[in-house]
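> sequence plus the predicted model coming up.
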Amino acid sequence: MSLVGVVFQSGGAVELFDAAGLEPAWNERVICETARGEAYGRVVQPPHEGAVPDPLFRLLRIATPEDEALRRQQRERAAEVRREFRRHVVARHAGVKVHGAEMSFNGQRVVVGFSAEDRVDLRPIARELGRRLRLRVDARQMGPRDGARITGGYGLCGDVLCCTRFPAHEQRITLRMAKDQELPVNPGRVTGLCGRLRCCLAFEHPLYRSFRDRAPAVGETVETPEGRGVVRGVRVPEDAVLVRLADDREVPVRLDDLTVVER
């Protein structure tokens with residue numbers, strides 16, 4: 001069976017669907033059947049074979065220009081609900097941050113995400129606003145990581161936050177990931193805007209582990225296309241090591257182009 005991976009919001013978890021004979025490309029917008037009714041999502045895994053989840057829902061169609069226009073209107077409507085919800089929250093509760101709002105594809109429900117240091121019940125405000133707008137409004141408290149994902153922004157690298165750009169990763173982020181990447185374990189380097197360990201640690205960790213398993217250690221003697229030398233450093237993104245040759249030149253050499261000299 002051909003499966004397609006879809007996310008329904010920036011940085012959201014990947015959900016698998018039966019392609020149902022459709023062949024959407026990566027990044028294409030689709031309408032899916034879900035337990036919550038029809039949903040609008042983005043393809044992040046084109047049709048492929050894999051383990052079939054239970055339950056398994058299916059793709060209904062590729063999104064049309066009419067679907068795209070409707071979704072833009074829904075985003076504008078959700079933004080209005082968020083602003084109104086925030087106005088009521090600020091008047092009654094201190095220390096609550098309202099991050100964003102999402103309208104369901106059927107247009108009947110808006111989920112507003114917020115965060116606070118302690119548990120806060122904002123359901124009365126949501127119900128009051130829903131009655132006035134003739135719309136179901138749900139208030140959902142979330143952690144700082146999800147709050148940063150919805151709000152968005154730029155990380156220490158100067159690029160868009162990983163939690164916003166990429167689908168969610170499944171593994172837990174740990175300090176071991178920072179140590180494997182030889183990063184200084186201090187809060188200013190390994191924590192993101194959310195105050196938690198940076199998501200890029202998990203995204204990049206497999207690359208560093210693969211490199212460490214294949215690369216010679218610093219100090220080992222290796223044969224390269226330019227002659228024998230000693231490994232003096234590593235360049236993980238380039239899949240290469242820095243080798244000092246007999247003439248004292250230091251050159252980067254890809255792992256595929258060198259062999260370790262047996263002692």
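Everything's here; your move.
> how is the protein divided into domains?
If you go by automatic domain parsing, the domain ranges for the chain are 2-63, 68-145, 169-211, 221-260.
> among those domains, show the one with the smallest mean pLDDT.
Considering the domains of the chain one by one, the lowest average pLDDT is found for domain 169-211, at a mean of 87.
> what's the first-to-last distance across that domain?
Criterion CA to CA, to the nearest Å; first-to-last residue distance in domain 169-211 is 20 Å.
> ditto for stretch 170-187
Start-to-end, stretch 170-187 (CA to CA) is 23 Å.
> ok, now stretch 249-258?
16 Å.
> may I see the buried residues of that stretch?
Val253, Leu255, Leu258 (16 or more other CB atoms under 10 Å). C-beta: built from backbone N, CA, C; applies to glycine.
> for stretch 83-98, same thing?
Those would be Glu84, Phe85, Arg86, His88, Val89, Val96, Val98, for stretch 83-98 by 16+ other CB under 10 Å.
> please apply the same query to stretch 139-150.
Within stretch 139-150, the residues scored as buried using 16+ other CB under 10 Å are Ala139, Gln141, Met142, Pro144, Arg145, Asp146, Gly147, Ala148, Arg149, Ile150.
> how about those in a markdown table, adding distance to Arg165?
Listed next are these as a markdown table, based on distance: CB to CB, whole Å:
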| residue | distance to Arg165 |
| --- | --- |
| Ala139 | 27 |
| Gln141 | 24 |
| Met142 | 19 |
| Pro144 | 18 |
| Arg145 | 14 |
| Asp146 | 15 |
| Gly147 | 16 |
| Ala148 | 12 |
| Arg149 | 10 |
| Ile150 | 13 |
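> ok, so of the residues you listed, who is nearest Val44?
Checking those against Val44 by CB to CB gives Arg149 as the nearest, at 15.2 Å.
> you'd agree the closest one is up against Val160?
No: counting by CB atoms under 8 Å, Arg149 stays clear of Val160, with 11.1 Å between them.
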